[in-house]
Each structure stands twice: as structure tokens, then as C-alpha cells.
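Enquirer: Pasting a predicted model and its sequence here:
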Amino acid sequence: SSMPSLSNFISTMEKLDSQGKNWVVFEQTFTLAVKQKDVWAHFNGTSKCPVPANPESPDKTEKKAIKTWEKAESLAAYMLMLKLAPVTHAKHRRKGTVAAMWTAIVAEFSGKLLVQCSAL
């Protein structure tokens with residue numbers, strides 16, 4: 001079986017509502033989608049950018065590892081950006097890594113969910 005395409009992800013998965021009304025379903029489906037694209041480690045923080053032994057002159061292998069990591073990080077950031085409301089993306093985009101953005105988004109929308117549930 002082939003991996004679902006990025007265009008399929010774009011067309012079938014709804015964006016995260018800026019108020020978090022669809023957070024529970026969004027978190028589950030988004031997590032599955034990014035795992036399918038092999039970039040979940042960029043969201044949970046287990047994939048860190050490789051650091052060369054000598055930062056002043058990385059060797060060919062280290063340069064390749066860094067480039068591979070940056071490519072996956074870019075894909076992860078792109079997938080996240082596509083599924084956030086502009087206001088949510090603007091709020092979190094300067095956090096640095098995808099893992100930092102995702103941690104902040106999870107905290108924000110899990111908090112909103114608790115407020116919504118306690119208001120019922």
C-alpha cells in the first residue's frame with residue numbers, strides 16, 4: 001500500500017478551528033497524518049537537529065544529516081501551517097521549532113477544551 005499523498009492530506013483534513021471547537025478530532029487525525037509522513041518526531045521533540053562535532057567545519061556526513069533534518073522539519077512546519085487558522089499560526093510561528101510550536105498549540109487548545117467542558 002502506498003502512503004497517503006500530501007494533496008490528500010490538504011483536501012480531506014479540516015483545519016483546526018481558531019476557538020478549538022474541533023480540537024479532539026483534529027489532534028487525533030493530525031497526529032496520524034504526520035506519523036504517515038514520518039515527521040511525528042519533529043512534533044514530539046524527539047528529532048533534534050544534528051550538531052556537528054566541529055560546528056565551524058561540519059564534514060560531508062554531518063552536512064547531509066543536517067540537510068535531511070531541515071527538509072523533514074520544513075515538511076512538518078508546512079503540514080502544521082496548512083491546518084491552522086491564520087490567527088493561530090501567527091501566534092505560534094516564531095517559537096522556533098515545530099516541536100515548540102506544537103507544544104504551545106497543544107497547551108493552548110487543551111486548555112480551551114477544559115474551559116469549554118467546565119462551562120457545560
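Expert: Perfect, thanks for sending it.

Enquirer: where does this structure have its least confident helix or strand?
Expert: helix 6-12 (a mean of 75; mean pLDDT, DSSP states H and E).

Enquirer: what's it in contact with?
Expert: Outside of helix 6-12, the residues within contact range by C-beta atoms under 8 Å, 6 or more residues apart in numbering are Ala33, Lys37, Met79, Leu82. Quick note: C-beta positions are derived from backbone N, CA and C, even for glycine.

Enquirer: rerun at 10 Å
Expert: 4-5, 29-30, 33-34, 36-37, 75, 78-79, 82-83 (C-beta atoms under 10 Å, 6 or more residues apart in numbering).

Enquirer: Please, where are all the helices along the protein?
Expert: 6-12, 23-36, 40-44, 60-82, 86-92, 98-119 (DSSP state H).

Enquirer: Now render the ones you listed as JSON lines, adding mean neighbour count.
Expert: JSON lines is the format used below for these (neighbours: other C-beta atoms under 10 Å):
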{"stretch": "helix 6-12", "mean neighbour count": "12"}
{"stretch": "helix 23-36", "mean neighbour count": "16"}
{"stretch": "helix 40-44", "mean neighbour count": "20"}
{"stretch": "helix 60-82", "mean neighbour count": "15"}
{"stretch": "helix 86-92", "mean neighbour count": "15"}
{"stretch": "helix 98-119", "mean neighbour count": "15"}
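
Enquirer: if we compare those, which one ends up closest to Pro50?
Expert: Proximity to Pro50, assessed across the helices of the chain by C-beta to C-beta, is greatest for helix 60-82 (4.3 Å).

Enquirer: For the least confident helix or strand of the chain, what is the distance to the chain centroid?
Expert: For helix 6-12, the separation from the chain centroid amounts to 15 Å (computed by C-alpha atoms, centre = their mean, to the nearest Å).

Enquirer: you'd agree Ala85 is up against Phe26?
Expert: No - judged on C-beta atoms under 10 Å, Ala85 makes no contact with Phe26 at a distance of 11.1 Å.

Enquirer: residue ranges with poor pLDDT in the protein?
Expert: 1-4, 113-120 (pLDDT under 70).

Enquirer: Apply 50 and report the result again.
Expert: Across the chain, residues meeting the criterion (pLDDT under 50) sit at 1.
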